[in-house]
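S.K.: Pasted the sequence and its predicted model underneath.
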Amino acid sequence: MPVISLTTDFGLADPYAGIMKGVIASICPAARVIDLTHLIDPQDVHGAAYVLSDARPYFPEDTVHVCVVDPGVGSGRRIVALRTAAGVFLAPDNGVLSLVLEDPAPVEVFRVENPDIFLHPVSRTFHGRDVFAPAAAYLASGMPLGRLGAPVAAHSLVRLDFGPHAGFDKDGGLTGAIIAVDRFGNLVSNITRAHLQEAFGIREDEDVSVCVQVGDQVISGIVGSYQSVRQGTPLAIIGSTGRLEISVNGGNAGRYFVAGRGDPVTLRRDGTAGPGAA
C-alpha cells in the first residue's frame with residue numbers, strides 16, 4: 001500500500017486538508033494518507049522544515065511526503081519533487097527542504113510543471129489541491145518521477161538559515177543553534193546525540209556533566225528525564241528526535257530564556273560557558 005504524508009499550515013477548521021485527501025483518493029484510492037500535521041504556524045517555513053526532517057526516519061522509504069507551507073503560492077516560485085533514500089518530498093522551493101537536503105545520500109530533483117497531471121483550472125491560491133495532491137497521487141500510483149517535469153540541480157534549491165551549524169569552536173566547545181520551538185515551549189537545537197558523543201563521549205543512558213549556555217544563562221548537566229529537576233527548573237535533555245533540547249520542567253523554556261529560533265547554544269565540559277548557571 002503506497003503511503004503519502006501531508007504537512008501543511010492549513011489548520012483543522014477549514015476544509016483544505018480534507019479536499020487534498022479527496023483529490024488523492026480520487027486518483028489513487030489505494031494510497032494510505034497520513035496527516036503528519038496541519039498545525040504548522042501560518043507561513044512558518046522553518047518550522048515545517050524541522051517537522052519534515054525529524055519525521056522522515058519513521059516512514060516507509062518509498063513514502064511520498066507532501067508539504068504545503070507556501071507563502072509564495074501563485075507567484076513564480078518553483079514546486080519541486082526531491083528523491084532521497086528516505087522517500088520523495090513534494091514541496092515549494094522556498095527552503096522547506098533545507099534540512100532534508102543535509103542528508104548525505106544521493107538525491108534527484110525534478111520541477112513539478114507537467115500540466116497533464118494537474119487539476120484544471122489551476123487556482124492561484126490553492127496549489128495544494130490542484131498541483132501537490134494530484135502529483136503525489138500519481139507518484140504513489142507508480143508514475144516515474146521524471147514525468148513531473150525537467151530535472152533541477154539540487155544545489156540550486158533555496159536553503160534557509162537556521163543559525164550556526166553544529167560544530168566545535170576554537171576553545172573546544174560544541175556550538176549550535178535553536179532550530180525550532182515546540183508547542184510546549186521546548187527549545188530544539190541542531191545539536192544531535194552524535195555531536196554529543198563525538199564531543200564528550202556521551203552515552204544515551206547517562207546524565208552528563210557539561211554546561212549548556214543559552215543566552216547569558218547556563219544549565220548544569222544534561223539529564224535523562226524532566227523529573228530529574230524540580231518543578232519550574234530549566235534542564236537540558238536529548239529529546240525523542242535525538243536532538244539536544246532546552247526545557248523547563250512544567251514550564252516554557254522559550255519564555256524562560258527569552259530565546260527562539262536562530263539563537264546560539266554552547267556546551268562545554270569545563271563549565272566555562274559563562275555566568276548565570278541555572
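M.R.: Thanks, I have the structure now. Numbering: from 1, shown residues only.
S.K.: List the contacts of the spatially most central residue of the chain.
M.R.: Among the residues of the chain, the one closest to the centroid is Y50, at 1.5 Å (Cα atoms, centre = their mean). By Cβ atoms under 8 Å, 6 or more residues apart in numbering, Y50 lies in contact with 99, 179-180, 188. Glycine gets a C-beta too; all of them are placed from N, C-alpha and C.
S.K.: quick one: low-confidence parts of the stretch 151-278 of the chain?
M.R.: Residues of the stretch 151-278 of the chain that meet the criterion pLDDT under 70 lie in 202-208, 270-278.
S.K.: thinking again about what came up before, verify the assumption that the residue nearest to the centre of the chain is located in a strand.
M.R.: No: the assignment for Y50, made by DSSP: H, G, I helix; E, B strand; the rest coil, is helix rather than a strand.
S.K.: follow-up on the earlier one: most neighbours, which of the contacts of Y50?
M.R.: I179 (27 neighbours; other Cβ atoms under 10 Å).
S.K.: what residues are up against it?
M.R.: 46, 50, 99, 162-163, 188-190, 243, 261.
S.K.: Counting neighbours, which of the residues you listed comes out on top?
M.R.: Ranked by the number of neighbours (other Cβ under 10 Å), the contacts of I179 place S189 first, at 27 neighbours.
S.K.: does that one have beta-bridge partners, and which?
M.R.: I178 (DSSP bridges).
S.K.: next one: P234
M.R.: V248.
S.K.: Please determine how far it is located from V214.
M.R.: 8 Å (Cβ to Cβ, to the nearest Å).
S.K.: okay, and the common contacts of these two?
M.R.: With Cβ under 8 Å, 6+ apart, P234 and V214 have common neighbours 246, 257.
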